[in-house]
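Novice: just need the structure, nothing else, for what follows:
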Amino acid sequence: MSTTFAGKVAVVTGAGSGIGRALALNLAERGAKLALSDVDVNGLEETVRQVEALGAEVASQFLDVSQRETVLDYADTVRARFGKINQIYNNAGIAYHGDVEASSFKDIERIVDVDFWGVVNGTKAFLPHLQESGDGHIVNISSLFGLLAMPSQAAYNAAKFAVRGFSEALRMELLISKAPVKMTVVHPGGIKTAIARNATVAENYDQQSVAKFFDAKLAKTTPDQAAKTILKGVEKGKGRVLIGSDAIALDLLQRITGSKYQRVIAVVASRAMPRKKQS
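Specialist: Numbering: from 1, shown residues only. Below is the predicted model of the structure:
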């Protein structure tokens with residue numbers, strides 16, 4: 001077993017399904033001890049059942065990552081339960097589809113509260129414990145949409161761009177201070193999870209059409225493939241991990257074209273993305 005994971009205590013938020021569950025399973029196979037959380041209690045229980053079948057030591061808890069004081073208390077609980085914390089995978093996230101004009105302030109705030117502040121809360125709450133371990137690693141899940149923008153994804157873009165900037169700045173701070181903590185930010189492309197089916201949408205979009213489009217056209221990489229790529233990046237101490245050929249290709253597009261990619265995406269999106277409801 002890799003010494004990067006065997007015997008290490010790894011915290012995974014959003015572990016009830018998708019990438020979070022796949023991370024839990026892959027970490028269990030590598031000998032890690034697990035602290036798993038989610039707002040989906042039933043999904044979390046199933047993940048726990050699967051990792052226990054692999055022989056992993058696991059503790060689980062309902063956790064809303066947008067609730068700061070709860071996350072701070074949770075970090076202390078995990079430390080007390082396992083005696084140390086080595087890794088935190090800030091994976092919990094939600095999706096939303098809607099143009100800026102049609103989106104309420106509450107729609108945007110909800111995405112930012114979970115997808116950005118949830119990552120900040122997890123990072124800040126666990127960082128002292130990771131430093132204490134002498135062998136810490138923070139893994140923050142951003143998105144392909146943290147590398148380039150997409151119409152109808154302004155709220156999600158804002159949160160995921162913020163995760164990227166926050167994480168990259170923190171990585172530099174950790175390098176400067178020579179802290180015993182590494183930092184990896186992850187940018188998945190389309191992953192075959194339920195995130196689109198569970199997403200909320202603005203009133204002028206049909207939720208089922210949006211979910212169907214994502215599942216059929218964009219979701220190309222399995223959660224297991226994503227988890228394996230993430231853990232390989234952690235093992236190598238990478239600062240950035242791209243997941244999927246779509247993430248690699250579109251990252252290259254925006255690097256080469258600069259802001260011109262926005263016109264390209266606008267044209268493609270106007271032809272391919274789900275249509276708005278007729279008023």
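
Novice: after the lengthiest helix in the chain, next one along is what?
Specialist: With secondary structure taken from DSSP state H, the chain has its longest helix at helix 154-177. Per DSSP states H and E, helix 154-177 leads on to strand 181-188 as the next helix or strand towards the C-terminus.

Novice: and that following strand, what does it pack onto?
Specialist: helix 117-133, strand 136-141, helix 154-177, helix 223-236, strand 240-243, helix 245-257 (3 or more Cβ pairs under 8 Å, 6 or more residues apart in numbering; DSSP states H and E). All C-beta spots, glycine's among them, are computed from the backbone N, C-alpha and C.

Novice: got CSV for those, with mean pLDDT, mean neighbour count and distance to T4 too?
Specialist: Shown next, in CSV, are those (pLDDT from 0 to 100; neighbours: other Cβ atoms under 10 Å; distance: least, Cβ to Cβ, whole Å):
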stretch, mean pLDDT, mean neighbour count, distance to T4
helix 117-133, 98, 21, 13
strand 136-141, 98, 25, 8
helix 154-177, 98, 18, 17
helix 223-236, 96, 19, 5
strand 240-243, 97, 21, 14
helix 245-257, 92, 15, 23
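
Novice: quick one: closest of those to R110.
Specialist: helix 154-177 (8.1 Å; Cβ to Cβ).

Novice: the inter-axis angle of that closest one versus helix 117-133?
Specialist: 20 degrees (axes from the mean of the first three to the mean of the last three Cα atoms, to 10 degrees).

Novice: so what touches helix 154-177?
Specialist: 95-96, 98-100, 103, 107-108, 111-112, 114-116, 119-120, 123, 138, 140-143, 145-147, 149-150, 179, 181-185, 187, 239-240 (Cβ atoms under 8 Å, 6 or more residues apart in numbering).

Novice: let's go with 6 Å and repeat that
Specialist: 96, 100, 108, 111-112, 115-116, 119, 140, 142-143, 145-146, 149, 181, 183, 185, 239 (Cβ atoms under 6 Å, 6 or more residues apart in numbering).
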